[in-house]
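Sequence and predicted structure, then a few things I'm wondering about:
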Amino acid sequence: MLDDFLIRAALAGLGVALAAAPLGCFVVWRRMAYFGEATAHAAILGVALALSLSLPVLPMILTAALIMASAVSALTGRGYAMDTVLGVMAHSALAIGLVAVALMADVRLDLMAFLFGDILAVTRSDLLVIWAGAALVLTLMSWRWSALLAATLNPDLARASGVNPRREEFAMTLALAIVVAVAIKVVGVLLIAALLVIPAAAARPLVRTPEAMAVGATLIGMGSVLGGLWGALMLDTPTGPSIVCVAAFLFSAATAAGALLRKS
């Protein structure tokens with residue numbers, strides 16, 4: 001069954017949606033959409049380091065994403081606003097990574113696949129990595145859900161309850177790095193933040209509890225993947241951007257539905 005590239009693509013997309021949905025809820029609640037984008041941009045720098053050092057790509061992407069997140073946390077509050085630090089770090093990491101790859105004359109690399117994804121080229125080994133990463137993220141989110149929620153809603157109250165907000169922030173950063181590493185094959189560096197934020201934002205006006213929002217975001221993410229694959233097949237359009245377009249359409253529909261529910 002897995003010889004069919006469309007089935008492999010669908011399974012890969014569903015795995016990424018499962019990993020991104022609960023994490024995307026925290027990204028939306030914490031207003032950290034740009035933080036996710038900065039972490040994703042660091043992935044290109046990780047790819048460049050992996051190629052230059054002849055190391056596996058996935059561990060280097062994880063390392064680069066974690067270094068980016070740590071650097072942002074260290075610089076924030078030292079005379080720079082969060083959005084300023086994120087702007088500098090995100091674009092610098094992407095630019096340095098692209099320049100480094102361009103300087104490797106002996107390496108042939110399809111940058112478009114890394115920037116916009118190549119879900120139709122997913123292999124069985126890629127599927128294993130994606131679903132292993134999704135399982136790891138879901139396990140981490142399930143384990144730390146209550147603590148993460150407390151640290152997100154009220155850090156001071158969380159400290160009084162024995163929860164360390166910095167530790168929970170690191171757990172979220174680790175989960176974000178894993179999602180970036182497994183999603184780069186599906187939607188690419190430039191669209192990972194969209195897959196994190198849009199399904200969660202779409203679910204928000206339709207639900208009343210955090211858990212329901214996570215479930216709703218998962219369903220919307222999965223629907224975006226399947227709808228984007230179908231649209232790309234019918235219209236012969238790029239698959240990664242097609243998935244994000246479907247997610248954007250679902251966000252618009254959910255926003256309209258939420259407005260109607262509030263009026264009724």
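Thanks, I have it.

roughly how far is the longest helix seen in the chain from the heart of the chain?
In the chain, taking DSSP state H as the definition, the longest helix is helix 124-153. Chain-centre distance of helix 124-153: 12 Å, with Cα atoms, centre = their mean, to the nearest Å.

who touches the helix or strand following it?
On the C-terminal side of helix 124-153, the nearest following helix or strand under DSSP states H and E is helix 155-160. Helix 155-160 is contacted from outside by 147, 150-151, 164-165, 168, using Cβ atoms under 8 Å, 6 or more residues apart in numbering. In short, each C-beta sits where N, CA and C put it, glycine included.

any idea how far Phe251 lies from Thr218?
To Thr218, Phe251 is 15 Å away according to Cβ to Cβ, to the nearest Å.

distance between stretch 164-179 and the chain's centre?
13 Å.

what comes up buried for it?
Of the residues in stretch 164-179, 165, 168-169, 171-179 count as buried by neighbour count, 16 or more other Cβ atoms under 10 Å.

the helices in the stretch 1-150 of the chain, which residues?
5-29, 33-53, 57-75, 82-103, 111-116, 124-153 (DSSP state H, counting those that start in this stretch).

What residues sit buried inside the second one?
What it means is helix 33-53. Here helix 33-53 shows 33-51 as buried, counting by 16+ other Cβ under 10 Å.

Ranking helices and strands of the protein by mean pLDDT, which lands last?
helix 111-116 (a mean of 75; mean pLDDT, DSSP states H and E).

got a list of what the closest residue to Ala40 other than its chain neighbours touches?
Nearest non-adjacent residue to Ala40, counting by Cβ to Cβ, 6 or more residues apart in numbering: Ile192, 4.1 Å away. By Cβ under 8 Å, 6+ apart, Ile192 lies in contact with 36-37, 40, 43, 179-180, 183-184.

Let's see that with 10 Å instead.
Listed by Cβ atoms under 10 Å, 6 or more residues apart in numbering, the contact partners of Ile192 are 16, 20, 36-37, 39-41, 43, 117, 176, 179-184, 186, 240, 244.

Could you do Val246 as well?
198, 220, 223-232.

Next: Ala256.
Taking Cβ under 10 Å, 6+ apart as the test, what Ala256 contacts is Pro205.

Determine which of the helices of the stretch 1-150 of the chain approaches Ala214 most closely.
Set against Ala214 and scored by Cβ to Cβ, those come closest in helix 5-29, at 4.5 Å.

Report the inter-axis angle for that closest one versus helix 33-53.
130 degrees (axes from the mean of the first three to the mean of the last three Cα atoms, to 10 degrees).

What is helix 5-29 packed up against?
helix 33-53, helix 124-153, helix 165-183, helix 192-203, helix 210-235, helix 239-263 (3 or more Cβ pairs under 10 Å, 6 or more residues apart in numbering; DSSP states H and E).

Now with 6 Å, please.
helix 124-153, helix 165-183, helix 192-203, helix 210-235 (3 or more Cβ pairs under 6 Å, 6 or more residues apart in numbering; DSSP states H and E).

With distance to Ala90 and mean pLDDT added, can I get those in CSV?
Output for these, formatted as CSV (distance: least, Cβ to Cβ, whole Å; pLDDT from 0 to 100):
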stretch, distance to Ala90, mean pLDDT
helix 124-153, 22, 90
helix 165-183, 12, 84
helix 192-203, 10, 91
helix 210-235, 23, 93
